[in-house]
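In: Predicted model follows, preceded by the sequence.
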Amino acid sequence: ELGHNGRTIDLFKIDCEGCEWTTANHWFEANVTLRQILVELHKSDVVKTPRFFDLMYENEYVIFHKEANIAYSGPKDIAIEYALLKLAPEFHAGYDRPKGAVEEEVK
């Protein structure tokens, strides 16, 4: 629709005030390569955050920068900006990274 099919996008920036948790799985559905992802994670928790980074690592991204957004902070309003870089598959060859996400308790 936008003409990006089969292309490389050098920089993908998203700051959607919490939608990153539900949209991240869709970032990799299109036939495009995202070389860098800049994302602000809002209201992280021990279940969502490891799952997010598992998804990034499964798609060959590594963190190269992070910083707290001090303008958006408080006891329940934490936002951290991350910069991720897509590396060649050879970088990860022979390394089996354990997943960080924990299974939710079944109640």
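Out: Perfect, thanks for sending it.
In: What are the contacting residues of stretch 35-50?
Out: Applying Cβ atoms under 8 Å, 6 or more residues apart in numbering, the contact partners of stretch 35-50 are 8-15, 17-18, 20-21, 27, 52, 56, 61, 69, 72, 76-86, 99-102, 104. Placement of C-beta: from N, CA and C, glycine included.
In: try stretch 61-73
Out: 37, 40, 42, 53, 56, 78-87, 91.
In: Separate out the buried members of the residues you listed.
Out: Ile37, Glu40, His42, Phe53, Met56, Ala79, Ile80, Glu81, Tyr82, Ala83, Leu84, Lys86 (16 or more other Cβ atoms under 10 Å).
In: For the third one, give its distance to Met56.
Out: Looking back up the chat, that one is His42. Relative to Met56, His42 is positioned 16 Å away (Cβ to Cβ, to the nearest Å).
In: Any idea how many residues pack against Thr22?
Out: By the criterion of other Cβ atoms under 10 Å, Thr22 has 10 neighbours.
In: can you tell me which helix or strand it belongs to?
Out: helix 20-23 (DSSP states H and E).
In: Adjacent strands (with direction) for the strand or helix carrying Val62?
Out: In the assignment (DSSP H and E), Val62 maps to strand 61-68. Sheet partners assigned to strand 61-68 using DSSP bridges are listed as strand 79-86 (antiparallel).
In: related to what we said a few turns ago, now for the contacts of stretch 61-73: which two are most distant?
Out: For these, the maximum inter-member distance is 30.0 Å, found between Ile78 and Phe91 (Cβ to Cβ).
In: Restricting to C-alpha, output the longest strand seen in the chain in CSV.
Out: Across the chain, the longest stretch assigned as strand under DSSP state E is strand 33-42. C-alpha atoms of strand 33-42 as CSV (Å, rounded to 0.1, in the frame of the first residue of the first chain):
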residue,chain,number,x,y,z
THR,A,33,13.7,-5.1,6.4
LEU,A,34,13.9,-2.8,9.3
ARG,A,35,17.6,-2.0,9.9
GLN,A,36,17.1,0.0,13.1
ILE,A,37,14.1,0.2,15.5
LEU,A,38,13.7,3.1,17.9
VAL,A,39,10.9,2.4,20.4
GLU,A,40,9.8,3.8,23.7
LEU,A,41,8.4,1.1,26.0
HIS,A,42,5.7,2.3,28.4
